[in-house]
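Peer 1: here is a sequence with its predicted model. Questions after.
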Amino acid sequence: MATMFVPFIIYILIVFSAGIISLFINNKNSIQKSIAPLTICGSSIVILAYLLSIFKNIIATDVTVFNWQMPYATMKMGIDPLTAFMLIPLFILISVTSLYGWKYLDGHKLDRTHWLFYSLLAIGMVLVLLSRDAILFIFSWEIMSVSSFFLVISDKTNSETLRGGLIYFVTAHIGAALMFAAFFILASASGSFEFSSWSNLHLPVMKANLIFVLALLGFGTKAGFIPLHVWLPLAHPAAPSHVSALMSGIMIKMGIYAILRILTFITPYQTWWGITIIIIGVISGVWGVLFAIGQHDIKKLLAYHSVENIGIIMLGMGIGIIGVSHGNSIIAFFGFAGALLHILNHAMFKGLLFMGAGAIIRQTGTGEIDKLGGLIRKMPLTAILFIIGSIAISGLPFFNGFISELMIYLSSIFGVIELTSTVGVFMALLVGMSLAIIGGLAIACFTKVIGTVFLGEPRTKFINDVKEVPLPMIIGMAILALICIFIGLGSYFILPSLIITPIAVLTNGADIDTSIVLMKTITKNITYILLLGTIVFAAIFIIYAFLSKRSRKNVKTWGCGYSLPNNNMQYTSSSFAEPIITYFSFSLNSKKKLQNDHEIFPQNKWYFKSFVNDWILTKIYEPLIKTIEKFLKLFRWFQNGKSGNYVLYIAITLILIIIWKFL
């Protein structure tokens, strides 16, 4: 066994042991309740430090084989630059979410199995990344899917939670079935289930295209791009917030990782693959953020932003594939650089935002945006950290989201300039345009959230008794916020050592030296500008704070002459989003409720609320499922509960197998 893998095996054993121990703890004993989350957190920090120490030395795949008593299977594990890169955000999120979850669950009636399933989810994702054999990969994928299902349905008394969990479970296994098909085609072509035998297969174009489609659909259900996203806005709000942060931050990226891994097996890349991925990215990015703007539940809103950001990642992947297929290493480099870096960045700011939402829900008892308000005075640290995550996800300068989106913008610009085909130029232009639209809509959405939740006055009386969350929860969020800032301001120092070797895995050995020099030059200039801007803004802020403190007065907002103002006379999430929802109503299944009173002193409450329903779920999937259900009812006679009939079915099956064997 290669010594490189010993720490990973030890980590898996420790985390699994912590989950098992949690089954036997006394939930009333705070010390015992701390064992599992703190063990998982501490071991994740240690293995992360080890991974970072060996990261530069990981050039080619290092593979280890274990004894595995199963037909056709070898427990083969390996690590290459792409795997190592994906492990970094995974271990960061496991550590901070377990620390956060330790105190987040205080006061909850915690199921004893919670930390066991949490540990299995962490182990499943680690094994998915380390797997170098299809059977081990499938086994690990199932551990990840099943454990996350049980975490989603933590609140078994809530019918909506159970519905979300069931839809997630079904879609996950539909995706798994398609994944099996792709793997079996690769195995039949190579004669082995080992990934090493799948490299450089030089498959016929038709077979490679079929594998690409199966992988895109199968792993796309986990990634959650439109139209395979329907489980996301149902599962994430149902799960505990630290689980939502882990699932949205990194688990859905396992789908992206699997697609990237499959791409390395079915070279050379076809241009239409990139075009398909870009189109999916545009639809997911734009519609994802539009669906988010119309939401009133903060976790559901964030779930749709996961769809949006998966779309952004796919924009980078698509333009990267087009760059490789056209033999342009610069376009390929910046496309894949943006996609990979956005995988890391999204894990950081989305984990931060889900934990911020969880802090709000924990302290107020609600995630409904229109019941909140004025929380910046009650929860100032949570507010500041949530605002940092909001700026980062909006792709604004000084934060990490800006850097990854800049890489994709650059690939789009170079694509427009250097590609010779009309289709290639159009797709490159489409990437840049859609990214700009997505960014603008994201800013509008998080302006709505921050303004409604943290600013203004409390809309309900119970907000007056709200306090800040415990320190471990703040620390968990603060770590992610600092990483968002660190990547944003230090891209020149971070990117070359972080993403160059993973990109080399995806560009099929293309000469990327020129691209590396260009990236270093661009990020160096950007870093200097951002650092200078940080100093200038900090100086302006200090001067403003000093001057305003001397003359600050607290006064009520002017009521425009109205003599009976109250806290309900503020923008709501519906009223703020109404112009955008109206403008894009042709693509949204939106509804509005309006009640007003034209008297000078109205007796009735004025009321306006908009609803944006996910029409892909309600208009496509639900009717399709009902049709299938009606069709299957025709075969109810087959399962009639009579044991004699079942014995007959078995006998007929055995006879058919014997006949088939002798033919």
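Peer 2: Nice, I can see it.
Peer 1: drop to CA atoms for contacts and neighbour counts, all remaining ones
Peer 2: OK.
Peer 1: distance of Asn158 from Pro470?
Peer 2: Distance of Asn158 to Pro470, given as C-alpha to C-alpha, to the nearest Å: 27 Å.
Peer 1: low pLDDT regions in this structure?
Peer 2: Within the chain, the segments meeting pLDDT under 70 span 1-2, 27-30, 60-74, 107-110, 548-568, 592-609, 663.
Peer 1: how about the strands in it?
Peer 2: Counting by DSSP state E, one finds strands in the chain at the ranges 62-66, 75-79, 589-595, 607-613.
Peer 1: so what's Leu381 up against?
Peer 2: 468, 474 (C-alpha atoms under 8 Å, 6 or more residues apart in numbering).
Peer 1: and Ile88, by the same measure?
Peer 2: 48, 51-52.
Peer 1: mind checking which of the residues you listed are in helices?
Peer 2: Among these, the ones falling in helices (DSSP state H) are 48, 51-52.
Peer 1: quick one, domains of this protein?
Peer 2: 1-215+231-254, 268-511+568-586, 616-663 (automatic domain parsing).
Peer 1: need those domains in TSV with distance to Leu547, can you?
Peer 2: Output for the domains of the chain, formatted as TSV (distance: least, C-alpha to C-alpha, whole Å):
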stretch	distance to Leu547
domain 1-215+231-254	37
domain 268-511+568-586	21
domain 616-663	53
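Peer 1: right, so those domains: which one is the most enclosed?
Peer 2: Mean neighbours per residue, mean count of other C-alpha atoms under 10 Å, is largest over the domains of the chain for domain 268-511+568-586, with a mean of 22.
Peer 1: quick one: that one to chain centroid distance?
Peer 2: Computed by C-alpha atoms, centre = their mean, to the nearest Å, the chain-centroid distance of domain 268-511+568-586 equals 10 Å.
Peer 1: which residue is nearest the centroid of the protein?
Peer 2: Geometric centre of the chain, nearest residue: Ser248, 3.3 Å, by C-alpha atoms, centre = their mean.
Peer 1: got the contact list for that one?
Peer 2: Going by C-alpha under 8 Å, 6+ apart, Ser248 touches 236, 303, 306, 347, 350-351.
Peer 1: these in helices, which ones?
Peer 2: Going by DSSP H, the helices hold 236, 303, 306, 347, 350-351 from those.
Peer 1: I'd like the distance between Ala258 and Gly175.
Peer 2: Distance from Ala258 to Gly175, counting by C-alpha to C-alpha: 12 Å.
Peer 1: mind listing the shared neighbours of these two?
Peer 2: Phe219.
Peer 1: of all the domains of the chain, which one comes closest to Phe546?
Peer 2: The minimum distance between Phe546 and the domains of the chain falls on domain 268-511+568-586, with 19.4 Å, by C-alpha to C-alpha.
Peer 1: ok, back up a step: mind putting the ones in helices among the contacts of Ile88 in CSV, distance to Phe576 included?
Peer 2: As requested, the ones in helices among the contacts of Ile88 are exported to CSV (distance: C-alpha to C-alpha, whole Å):
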residue, distance to Phe576
Leu48, 42
Leu51, 45
Leu52, 44
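Peer 1: ok, those residues vs Pro496, which is closest?
Peer 2: Of all the ones in helices among the contacts of Ile88, Pro496 sits closest to Leu52, with 14.1 Å by C-alpha to C-alpha.
Peer 1: got the contact list for that closest one?
Peer 2: With the criterion set at C-alpha under 8 Å, 6+ apart, Leu52 makes contact with Ile88.
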